[in-house]
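# I need the structure of the sequence given here:
(chains A and B)
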Amino acid sequence: MKDLLHIEQLKTHFSTEAGTVRAVDGVSLHVRAGETVCIVGESGCGKSITAMSVMGLVEGPSGKVVGGAIEFDGRDLLAMKANELRTVRGNDIAMIFQEPMSSLNPVLKIGEQIVEPLMEHRKLSRKEARARAIDLITLVGISRPEQIMDSYPHELSGGMLQRVMIAIAVSCNPKLLIADEPTTALDVTIQAQILDLLRSLKDEGGMSILLITHDLGVVAEMADYVVVMYSGKVVEEGEVVELFNNPKHPYTQGLLKSKPIINQRKDTLYSIPGQVPNPLELTESCYFHDRCQHCMEICRTREPKLKDVGQGQKTACWLYEEEALAHV
Amino acid sequence: MSEALLEVRHLKKYFPIKAGVLNRTVGHVKAVDDISLTIRPGETFGLVGESGSGKSTVGKTIVRLTEKTEGEVRFKGKDLYHLPSEELRKLRPELQLIFQDPYSSLNPRVRIGDAIGEALLDHGLVPKEEIRERVQEVLASCGLSAYHIDRLPHEFSGGQRQRIGIARALALNPDLIIADEPVSALDVSIQAQIINLFRNLQETRNLSYLFISHDLSVVEHLCNRIGVMYLGSMMETGTRDELFLTPLHPYTKALLSAVPVPIPKLKRERIVLRGDIPNPANPPSGCKFHTRCPLAVERCRLEVPEFRHMGGEHYVACHLA
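All right, here's what the predicted structure looks like:
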């Protein structure tokens, strides 16, 4: 099947006074139609910057996409002019963020904020747009849509606001929804509601989702395909069941082992020693080497490339060098 | 059964709602509405609930960061609200707090050695010339190095800052630590390190914890007994096994089923609650959970359920359990 979103060797760097931060450094990923792809990783791994780069939201002058390609539906997003990109954004690709409160305008009524993109992108009249807005609010599971239309953001709870954000995002029937930690700020019972909503929107509308999260539980529930990032690079990727049952990269293994799971209590949790390296001090090596219990000489001096290790899984780790060669 | 270290009885904390030009009190937010709990020496009591359930207010009211409205808080048998201020001050080192965001609880211009040593000096627990040594000792037991002592908070990562927060509490040699969402802001790999640190410290120092968290998987991992709060009230308490293996309250069941489990394609029965948490200024009548409860009957709307003993250490406030 053809890729809907195709990211190839994306590099997004930030220049700071202290040096260049290679926030995203050679990331490739693909999202097919109707598929949910999760990018998982800890803070600073570059998962959000990858998404921002797709949306053309990386802020200059310090931040810049310095290499690679982003193709959406066969079109090169990086080569697009600002106004062209503007029609793709919102129409074909929509995005929701972690903090719904800070993504909505506090002095505009909810209704206004849903109607606006409909008039802008779908060229609807105000009356048509309003009717469609009420349908959308009902679609995302809010009762009393008229009343919500006339509310201001501060009058609604976090879960309601995230529903409103989703309503705005899906208002123009996007082919791809990018969701950056959409449930991280919400309570578990509300998170369950929002994840259900995203799933049903995807199943009914055939929309693809690129979901960015740090929560492996959310990944397991939502993903078809998982991409694990560490320090700006993809360290492992694969189909969700395979990746969870048979993680290859020591980082993925460590992440899965260190998460406490309900009804599976252990006396001591496994924990990955040390911490994420300083992005300014990275030299050619496997960036995980000083936290890795399998670290070998080669890991300190040469960067492992992402290689196929069978079952559609890929990993960037020197441990699998021979296995990878066997699959060539 | 050993003597209780902390005993909280019928604790209430109401915040007034002021309105109008005269700033009159027009109502109350019942943040904590009749909560009782007991913590024994060496035990970890987990307090779970969603945002707005009042779990943090319970912690703050216990140490008198905010004053109670009603009820009783006894620490080592002494009523914290009826103690002369001088005696309360003497008791303070034994009862310490750790917060969610370690950065905002550290003064950015104070070196961490001073931040940790200050309280020691203030309470006169250690002679001045030995303070540095003591601080280094406590840093080491929290997994930090001696050379960290002269650094400033911004030089540390989130996980390290939380270690500093723990070290600062630990320096005073407390018996009880109230930890308010101490691992919620941390990444998974760091979270596991801090959880293990909490555990090891408990074993080596016979500490007790009141562990406040919204994350049930962390609470299950650390706590001996657990209380589930909703809108200021305790819905269910029990030992870890009672609560996680045989939950009785529909809210506890829903909470447990809502936690995403990192096992893909797992088929499990999920109770998705409708709606949001109601406004705590105007909580529902009867059982506060009835507006979202999938099992609610007429009685739940009318009568406040009693907190009933269900055998063992299991208590539940539900008409249907």
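# excluding its backbone neighbours, what's nearest the residue in the stretch 1-150 of chain A positioned nearest to chain B?
Closest residue of the stretch 1-150 of chain A to chain B, CB to the nearest CB: residue A:42 (3.8 Å). Placement of C-beta: from N, CA and C, glycine included. Setting aside the residues directly before and after it, residue A:42 is nearest to residue B:187 in space (CB to CB, 6 or more residues apart in numbering or on different chains), at 3.8 Å.
# residue contacts, the one you found?
With contacts defined as CB atoms under 8 Å, 6 or more residues apart in numbering or on different chains, residue B:187 is in contact with A:42, A:43, A:214, A:276, B:158, B:159.
# now the buried members of those residues.
Among the contacts of residue B:187, the ones that count as buried by 16 or more other CB atoms under 10 Å in any protein chain shown are A:42, A:214, A:276, B:158, B:159.
# now, which of the residues you listed sits nearest residue A:173?
Using CB to CB, residue A:214 is the member of those that lies nearest residue A:173, at 29.0 Å.
# surely the closest one meets residue A:180?
No - counting by CB atoms under 8 Å, residue A:214 does not reach residue A:180; the two are 10.8 Å apart.
# can you tell me the element the nearest residue in space to residue A:119 that is not next to it in sequence falls in?
Nearest residue to residue A:119 in three dimensions, chain neighbours excluded: residue A:129, at 5.1 Å (CB to CB, 6+ apart). Residue A:129 is located in helix A:126-139, with elements delineated by DSSP states H and E.
# so which bits of the helix or strand just after that helix are buried?
Counting by DSSP H and E, the next helix or strand C-terminal to helix A:126-139 is helix A:145-149. For helix A:145-149, the neighbour count (16+ other CB under 10 Å) marks A:145, A:148, A:149 as buried.
# go on, stretch B:95-105?
Across stretch B:95-105, burial judged by 16+ other CB under 10 Å covers B:95, B:96, B:97, B:98, B:99, B:100, B:101, B:102, B:103, B:105.
# okay, now the unreliable bits of the stretch 201-328 of chain A?
Applying pLDDT under 70 to the stretch 201-328 of chain A flags residues A:322-328.
# run a quick neighbour tally on residue A:273.
Per other CB atoms under 10 Å in any protein chain shown, the neighbour tally for residue A:273 reads 12.
# my guess is it meets residue A:292, correct?
No - between residue A:273 and residue A:292 there is no contact under CB under 8 Å: 9.2 Å.
# can you put the contacts of residue B:187 in JSON lines and add secondary structure and distance to residue A:67?
Converted to JSON lines, these look like this (DSSP: H, G, I helix; E, B strand; the rest coil; distance: CB to CB, whole Å):
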{"residue": "A:42", "secondary structure": "coil", "distance to residue A:67": "24"}
{"residue": "A:43", "secondary structure": "coil", "distance to residue A:67": "24"}
{"residue": "A:214", "secondary structure": "coil", "distance to residue A:67": "26"}
{"residue": "A:276", "secondary structure": "coil", "distance to residue A:67": "23"}
{"residue": "B:158", "secondary structure": "helix", "distance to residue A:67": "30"}
{"residue": "B:159", "secondary structure": "helix", "distance to residue A:67": "32"}
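# picking up where we left off before, now do the phi/psi pair for the residue nearest to residue A:42.
Note on residue B:187: its backbone torsions stand at phi -70, psi 160 [degrees, to the nearest 10].
# against residue A:291, how distant is it?
12 Å (CB to CB, to the nearest Å).
# please apply the same query to residue B:244.
Distance from residue B:244 to residue A:291, counting by CB to CB: 31 Å.
# strands along the chain, start to end?
Unless you meant another one, I'm taking chain A. A:3-16, A:19-32, A:36-40, A:63-72, A:75-76, A:93-96, A:176-180, A:208-213, A:225-230, A:233-239, A:307-308, A:314-315 (DSSP state E).
# let's do chain B instead
So, for chain B - with DSSP E - the strands run B:6-19, B:24-39, B:44-48, B:70-75, B:78-79, B:95-98, B:176-180, B:208-213, B:225-230, B:233-239, B:308-309, B:315-316.
# quick one, which of those is nearest to residue A:94?
Residue A:94 sits nearest to strand B:208-213 of all the strands of chain B, at 33.3 Å, using CB to CB.
# tell me what the closest one is packed against?
The helices and strands touching strand B:208-213, judged by 3 or more CB pairs under 8 Å, 6 or more residues apart in numbering or on different chains; DSSP states H and E, are strand B:44-48, helix B:55-62, strand B:176-180, helix B:188-205, helix B:216-222.
# ok, the most centrally placed residue in chain B - contacts?
For chain B, the residue nearest the mean C-alpha position is residue B:212 (2.6 Å; CA atoms, centre = their mean). Applying CB under 8 Å, 6+ apart, we find residue B:212 in contact with B:46, B:47, B:48, B:55, B:56, B:58, B:59, B:178, B:179, B:180, B:181.
# I'd like to know how many residues surround the second one.
Translated: residue B:47. For residue B:47, the neighbour count with other CB under 10 Å is 27.
# who does it form a beta bridge with?
Here residue B:47 sits in beta bridges with residue B:212, residue B:227, as judged by DSSP bridges.
# I'd say residue A:94 and residue A:169 touch.
Yes - counting by CB under 8 Å, residue A:94 touches residue A:169, with 3.8 Å between them.
# any shared contact partners between the two?
Listed as contacting both residue A:94 and residue A:169 by CB under 8 Å, 6+ apart are residue A:177.
# need the strands of chain B in CSV with mean pLDDT, can you?
Listed next are these as CSV, based on pLDDT from 0 to 100:
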stretch, mean pLDDT
strand B:6-19, 94
strand B:24-39, 92
strand B:44-48, 96
strand B:70-75, 95
strand B:78-79, 94
strand B:95-98, 93
strand B:176-180, 95
strand B:208-213, 96
strand B:225-230, 96
strand B:233-239, 96
strand B:308-309, 94
strand B:315-316, 96
